[in-house]
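*Asks:* fold the following, please.
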Amino acid sequence: NIPVMYTQEMLVSECVNIGTFDFLYLPRSGNGQTNLTYAFINFVSEEQALAFKEQWHKKRLTQLVARKPLNVSFAGVQGLRGNLMQLKKKKTR
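*Replies:* Residues are numbered from 1 along each chain as shown. Predicted coordinates for the structure are as follows:
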């Protein structure tokens, strides 16, 4: 539930103290005007992912007002390589 006007840069700026991650992707709409309200972040350790979820689940981002709080969940695809492969598949469609 990321506000649609958030950019990837805005999201990264929210993530400065959340642990080490090696992948962050905020998909954009077909026309590129807005995001799709969800993002993928890959943390380098399970502990950091769990700490992020504990810190941000049901919270709101600070730069824009959102009606709904964040719903943090774990993706089916895990790891930097898996995320990059998934992204590559989507871009070749």
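*Asks:* assign a three-state SS to K59, would you?
*Replies:* Following DSSP: H, G, I helix; E, B strand; the rest coil, K59 is assigned to coil.
*Asks:* start at 755, not 1
*Replies:* Understood, numbering begins at 755; the last thing we discussed is K813.
*Asks:* surely F806 is in a helix?
*Replies:* Yes: applying three-state DSSP, one finds F806 inside a helix.
*Asks:* in the chain, which spans are strands?
*Replies:* Using DSSP state E, the strands of the chain run over residues 775-779, 794-797.
*Asks:* can you put those strands in TSV and add mean neighbour count?
*Replies:* All C-beta spots, glycine's among them, are computed from the backbone N, C-alpha and C. Compiled in TSV, the strands of the chain are given as follows (neighbours: other Cβ atoms under 10 Å):
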stretch	mean neighbour count
strand 775-779	16
strand 794-797	19
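*Asks:* and the closest residue to V798 other than its chain neighbours, what is it in contact with?
*Replies:* Sequence neighbours aside, T774 is the residue nearest to V798 in space, at 4.7 Å (criterion: Cβ to Cβ, 6 or more residues apart in numbering). Contacts were defined as Cβ atoms under 8 Å, 6 or more residues apart in numbering; by that measure T774 touches F797, V798, S799, Q802.
*Asks:* I'd say the second one and I772 touch.
*Replies:* No: taking Cβ atoms under 8 Å as the definition, V798 is not a contact partner of I772, at 11.7 Å.
*Asks:* which strands and helices lie in contact with the lowest-mean-pLDDT helix or strand in the chain?
*Replies:* When the helices and strands of the chain are scored by mean pLDDT, DSSP states H and E, helix 834-845 comes last with a mean of 78. For helix 834-845, the packing partners by 3 or more Cβ pairs under 8 Å, 6 or more residues apart in numbering; DSSP states H and E come out as strand 775-779, strand 794-797.
*Asks:* right, I'll leave it there.
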